[in-house]
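Chemist: take a look and give me a structure for this.
(one chain, ligands or ions: 1)
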Amino acid sequence: MNFTTDCKFLENELLDVVRLFKRRPETLSHAFTYEEGVFHNAFTVDGKVFSFEDRGQVRNELEFKRFERRFAKLRLYHILSDTYGEEMPWGALTGIRPTKLAYMEEENGRDFAELFRLMRVREENIGLVRQILETQRGIYEKRDGNTDLFVSIPFCPTKCAYCSFITAPIEKTRHFLPAYLSGLEKELAASPESIGNLRSIYVGGGTPFALNEGELERVLKAIDPIFRNANRAVEYTVEAGRPDVFTDEKLALLKEYGVTRICINPQSFSDETLQKIGRKHTEADIYRAFELSEKYGFIINVDLIAGLTDETPETFVDSVEKAVKTGADNITVHCLSLKSGAKLKEETDYLENDFISNMVASSREILSKNGYAPYYMYRQKYQVGNNENVGWTKPNKACVYNIDIMEETADNLAVGANAVSKRVFTEKGLITRFASQKDLPTYLVHVDDIIEKKRIFFE
Ligand code: SF4
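Modeler: Residues are numbered from 1 along each chain as shown. Coordinates of the predicted model:
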């Protein structure tokens, strides 16, 4: 597609709108002017001209950009949606955090639903956002100095077919592990000064349980002083990961070090699917992981994905029902995201919006009926069907870390390779980020440098 715009700051966002649709114009140009509260957006799509005027009261530069972003995206969405006869579940919204936008509207004294309707978001999704805001009540806390600690374990037993994460099969990267663990220990030892009011600790992957017991204990031991120094009972999650790497010894270690939550992440309960996506485990392994975990009383999250290779709505519904039967406290329903590679992206035959939207609708129905409430959500680029990922929870079991991350209400002190630390200045409405190196060898070379830069970053 040949695309031009005279509004540079909108270039990527307008392209995001185009990407929502399976069909694309061959040529698209956009021109913008602003005059006394009137935003003029003109588009030429394959030779056809469309122009629009929208009004907005602008008080500052930030608001000016916000209005222009909103109007230009909405108008382009209208054109493409009418041209191709397709409506998207989230209309012209392309951002990854619809609930954050909803909070912003509410903070400014407006019902978020008005903006969402203007952006042509489906009514059921407006309802979903409303429910999430409701479930987050009492946990959502926007306060400078609140902090979450993230520890990155970028190792997995095998690489899943759909994965775009930097992780590699552990047999190929195990030789980095001793140095990597030393890097984590160094970073964690240097961290306490950067931690304000600690709300949660999250050891994420990858697959943290890809580590053996001794390796896992090194990580837990390095976190322990931070956990013990926290002023109150801090939520502590280890995203253990795939069911086939669960052992009683690893679970006992988590208990010993005060972990309160774990994740058993099968993605599907279908043995056929699991094989196709490159997993080594079976449905039976999932139940085994639950049995092993039972005596420790952890809050358990189960991850599922809608849209996995060759799955039908029936296969997916079967997985949701089986996940419910395990008694998991949290069930997170992801929709496959195709940023991972051109090959998958080109396999569009199973990417029909309605197909995935039906899976999502079924999961919402089953989980609501079984006492789960949606408690956080996010969207990703290239997500199959333009849907969303939603975390569901039984009453009082929501994960603080997930809420803080998605709503961007707390600092994130992130440790390890490919870890992005974040500072949130709620009063100023400012967020700054510091990313460590993604690949293991480069990270290992830069650990000392990262520690110093992060110290300054958090000062
Ligand atoms: S378990 Fe997760 S991080 Fe690991 S390869 Fe699979 S999708 Fe990627």
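Chemist: how about residue 3, secondary structure?
Modeler: strand (DSSP: H, G, I helix; E, B strand; the rest coil).
Chemist: pretty sure it is touching residue 15, no?
Modeler: Yes: assessed by C-beta atoms under 8 Å, residue 3 is found in contact with residue 15 at 6.7 Å. No exception for glycine: its C-beta is placed from N, CA and C like everyone else's.
Chemist: and after the helix or strand of the chain with the lowest mean pLDDT, which helix or strand comes next?
Modeler: In the chain, no helix or strand scores lower on mean pLDDT, DSSP states H and E than helix 342-346, which sits at a mean of 41. Per DSSP states H and E, the first helix or strand lying C-terminal to helix 342-346 is helix 353-369.
Chemist: once you drop chain neighbours, what's closest to the residue in the stretch 351-459 of the chain positioned nearest to the ligand?
Modeler: Here the residue of the stretch 351-459 of the chain nearest the ligand is residue 418; by C-beta to the nearest ligand atom that distance is 10.7 Å. Leaving out its chain neighbours, the residue that sits closest to residue 418 by C-beta to C-beta, 6 or more residues apart in numbering is residue 438, at 4.5 Å.
Chemist: quick one: terminal-to-terminal distance for stretch 200-213?
Modeler: 23 Å (C-alpha to C-alpha, to the nearest Å).
Chemist: wait, does that stretch make contact with the ligand?
Modeler: Yes: using C-beta under 6 Å from any ligand atom, stretch 200-213 reaches the ligand at 205, 206, 207.
Chemist: report the buried residues of that stretch.
Modeler: Residues 200, 201, 202, 203, 204, 205, 206, 207, 208, 209, 210, 211 are the ones in stretch 200-213 that count as buried (16 or more other C-beta atoms under 10 Å).
Chemist: tell me the two of those residues that are most distant?
Modeler: Farthest pair in these (C-beta to C-beta) is 200 and 210. Separation: 22.2 Å.
Chemist: which residues are contacting the helix ranked longest in the chain?
Modeler: When the chain is parsed with DSSP state H, its longest helix is helix 61-84. Contact with helix 61-84 is made by 7, 9-10, 13-14, 16-18, 20-23, 25, 30, 32, 34, 39, 41, 43, 45, 50, 52, 54, 56, 58, 86-88, 91-92, 94, 115, 118-120, as judged by C-beta atoms under 8 Å, 6 or more residues apart in numbering.
Chemist: okay, and which of those residues map to helices?
Modeler: Under the assignment DSSP H, the contacts of helix 61-84 contribute 13, 14, 16, 17, 18, 115, 118 to helices.
Chemist: contact partners for the third one?
Modeler: With contacts taken as C-beta under 8 Å, 6+ apart, residue 16 has the following neighbours: 73, 94, 381.
Chemist: mind jotting down where the helices sit in the stretch 151-300 of the chain?
Modeler: Counting by DSSP state H, counting those that start in this stretch, the stretch 151-300 of the chain has these helices, from start to end: 170-173, 177-189, 213-229, 248-256, 271-276, 283-294.
Chemist: dump these into JSON lines; add mean pLDDT as well.
Modeler: Shown next, in JSON lines, are the helices of the stretch 151-300 of the chain (pLDDT from 0 to 100):
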{"stretch": "helix 170-173", "mean pLDDT": "90"}
{"stretch": "helix 177-189", "mean pLDDT": "97"}
{"stretch": "helix 213-229", "mean pLDDT": "96"}
{"stretch": "helix 248-256", "mean pLDDT": "98"}
{"stretch": "helix 271-276", "mean pLDDT": "94"}
{"stretch": "helix 283-294", "mean pLDDT": "97"}
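Chemist: mind putting these into a markdown table with distance to residue 360?
Modeler: Formatted as a markdown table, the helices of the stretch 151-300 of the chain follow (distance: least, C-beta to C-beta, whole Å):
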| stretch | distance to residue 360 |
| --- | --- |
| helix 170-173 | 33 |
| helix 177-189 | 37 |
| helix 213-229 | 35 |
| helix 248-256 | 32 |
| helix 271-276 | 17 |
| helix 283-294 | 22 |
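Chemist: domain ranges for this protein?
Modeler: 1-86, 91-135, 146-445 (automatic domain parsing).
Chemist: any weak-confidence spans in the stretch 301-450 of the chain?
Modeler: Applying pLDDT under 70 to the stretch 301-450 of the chain picks out residues 339-353.
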